[in-house]
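> here is my input; please provide its structure:
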Amino acid sequence: MSDNHMGLMEHDGLDNALKAASADAAAAGARVFPCTVFQQGRRTMISTSFPYSFLTRQVVSESVEKGGDPANTTNRPLLTDHVKNINAYVRDNAENYILPPVTLNARQLPALHVPRGNFKNRLGFMVIGDNVRFYVTDGQHRITAIKGHGSGRGAVPSLVDLDCGFEDDSLAVLIVVEDELKRIHQDFADAAQTKQIPASLLAVYNTREPVNGVLADLVDRTQLFRGRIDATSKTLPKASQSVFLLNQVRQFVKELLFADYALSEDSVARHSAQQLADESAREEFVTDAVTLIDSLSEHMDPWREICALPITGGPANQVTSFREQYLNMTATGLVVIGRVAYEIRKSPDPVWRKEMYRRLATQVDWRRNALIWRGNVMTADGKLSTTRVPVRDAADRVMTELGLKSAV
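Reported below is the predicted structural model:
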């Protein structure tokens, strides 16, 4: 056995490494954690998992106070709302949640027992006493959400203190051995080099959100949308044969449900949990939304022409031309349709609603250069405005055109 690098001790075989680690732990009243020891660059890294109860005691966040000096503090300012959201997400999904790994910092190498060998990646055993502390490099909001934060009515409860079995859960951790604060700050910046998921792709993956849950059905059950929705891009390429981004359809759904395509995600979650609370409510909404889209596709230019086109190939390139000519081929036009349909859906008469959907398709001139759009979503210089007020004004003009305000 040799001690060739601070707390790293080598043994003849994994069994002997475990025996030595167990003996050390017994002598010091410490714990043994199986781990993987490896290198990135020239630094030693340790990968393992810590139970929540261990995290609450021995992992430390050093958040800079607002107005303080971040250069002399390990972590950035703590965002309490972010902590609350993570804590609530875990509690609301206690049997089916995921918290990604966090990156911790060890100021010196913990006691590690590993098999002897010239391997860059080795299984081993880490011995940690009650006096050992790890510091958060990346993931302070996840750690704080587990530990709890604050006091009084606005306090975030500790997951370990709740009678929900969280004390048996664990979090994967990457431990970086580093004692230089400037390098720790750089590690945090390096760990943050991630690319935001496009909103359309997030709408596909995050099906816990009820609004996202109905999108797949709406796209699959409508002739216009099926096979013609881009669910991976952040913006729709000019030459795209797709009719809309999935996130644009999601904005349409928000209008149809709440009359506000720009409603904050927190508000969307609260309201959709009420309106789409169960399978029957979701099915009722999807059925009505499909009726709307199919009615428009049957009667409205250029949607009916698009439905007659193949999804790909040369003829599908007509979609690009239609997008340049028609407002209802833009996200703004789709939102206007959703706002007007929100008012139509207030009627309990399905026959009347379907007739109004037909009139929405046939009585409104959806070409971009139509007079109805001037001064609202189409500016004097021919530019498309996408903000709330012009969209609302455009929807009001459509409803006046249909006599909808007096009819509903």
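
> you'd agree residue 286 is in a helix?
Yes. The assignment for residue 286 is a helix, going by DSSP: H, G, I helix; E, B strand; the rest coil.

> assess the claim that residue 318 and residue 309 are in contact.
Yes. Checked against C-beta atoms under 8 Å, the pair residue 318 and residue 309 is within contact range at 6.3 Å. C-beta here means a position set from N, CA and C on the backbone, and glycine is covered the same way.

> who has more neighbours out of those two?
More crowded of residue 318 and residue 309, by other C-beta atoms under 10 Å: residue 309, with 18 against 14.

> show me the contacts for that one.
Contacts were defined as C-beta atoms under 8 Å, 6 or more residues apart in numbering; by that measure residue 309 touches 315, 316, 318, 319.

> ok, of those residues, which come out buried?
Taking 16 or more other C-beta atoms under 10 Å as the criterion, what is buried in the contacts of residue 309 is 316, 319.

> what are the ranges of the strands in this structure?
For the chain, the strands defined by DSSP state E occupy 2-5, 8-11, 31-40, 43-51, 59-60, 102-106, 111-115, 122-128, 134-138, 170-177, 229-230, 244-245.

> of those strands, which is nearest residue 349?
For these, proximity to residue 349 was assessed by C-beta to C-beta; strand 244-245 is nearest, at 29.1 Å.

> name the residues that touch that closest one?
Strand 244-245 is contacted from outside by 199, 200, 225, 228, 229, 230, 231, 233, 235, 236, 331, 334, using C-beta under 8 Å, 6+ apart.

> didn't residue 251 look like it was pressed against residue 261?
Yes. Residue 251 lies in contact with residue 261 (C-beta under 8 Å); the separation is 4.1 Å.

> domain parsing for the protein?
As recorded under automatic domain parsing, the domains making up the chain are 2-191, 199-407.

> pLDDT averaged over the last one - what is it?
Looking at domain 199-407 alone, the average pLDDT works out to 91.

> returning to that earlier point: which of the contacts of residue 309 fall in helices?
318, 319 (DSSP state H).

> output the contacts of residue 309 in a markdown table; the columns should cover distance to residue 173.
Rendered in a markdown table, the data for these read as follows (distance: C-beta to C-beta, whole Å):
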| residue | distance to residue 173 |
| --- | --- |
| 315 | 55 |
| 316 | 49 |
| 318 | 54 |
| 319 | 49 |
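
> give me the low-pLDDT residue ranges for the stretch 51-200 of the chain?
Applying pLDDT under 70 to the predicted model, the residue ranges of the stretch 51-200 of the chain that meet it are 64-75, 185, 188, 191-197.

> all helices for it, in order.
Per DSSP state H, counting those that start in this stretch, the stretch 51-200 of the chain carries helices over the ranges 52-58, 80-92, 140-147, 181-191, 199-205.

> looking at the ones you listed, which is buried most?
Neighbour counts averaged per stretch over those are highest for helix 140-147, at a mean of 24; criterion: mean count of other C-beta atoms under 10 Å.

> neighbouring contacts of it?
The list of residues contacting helix 140-147 from outside it, by C-beta under 8 Å, 6+ apart, reads 52, 55-56, 59, 61, 63, 75-76, 78-79, 82-84, 86-87, 90, 99-100, 102, 136, 156, 158-160, 166, 171.

> now that helix, how far from the centre of its chain.
Helix 140-147 has its average C-alpha position 18 Å from the chain's average C-alpha position, going by C-alpha atoms, centre = their mean, to the nearest Å.

> likewise stretch 235-245?
For stretch 235-245, the distance between its averaged C-alpha position and the chain's averaged C-alpha position is 22 Å (C-alpha atoms, centre = their mean).

> can you check stretch 209-227 too?
19 Å.

> circling back to that earlier point, out of the helices of the stretch 51-200 of the chain, which comes closest to residue 220?
Go through the helices of the stretch 51-200 of the chain one by one with C-beta to C-beta and the one that ends up closest to residue 220 is helix 199-205, at 12.4 Å.

> which helices and strands does that closest one pack with?
Helix 199-205 is packed against helix 210-220, helix 246-258, with contacts defined by 3 or more C-beta pairs under 8 Å, 6 or more residues apart in numbering; DSSP states H and E.

> sorry, back to before: I'd like the strands of the chain as CSV, with distance to residue 342 and mean neighbour count appended.
Below are those laid out as CSV (distance: least, C-beta to C-beta, whole Å; neighbours: other C-beta atoms under 10 Å):
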stretch, distance to residue 342, mean neighbour count
strand 2-5, 66, 10
strand 8-11, 65, 20
strand 31-40, 53, 16
strand 43-51, 47, 18
strand 59-60, 48, 19
strand 102-106, 42, 22
strand 111-115, 61, 23
strand 122-128, 57, 22
strand 134-138, 42, 22
strand 170-177, 43, 19
strand 229-230, 21, 22
strand 244-245, 18, 24
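
> hmm, residue 149 and residue 80 touching each other?
Yes. In terms of C-beta under 8 Å, residue 80 counts as a neighbour of residue 149; the distance is 6.8 Å.
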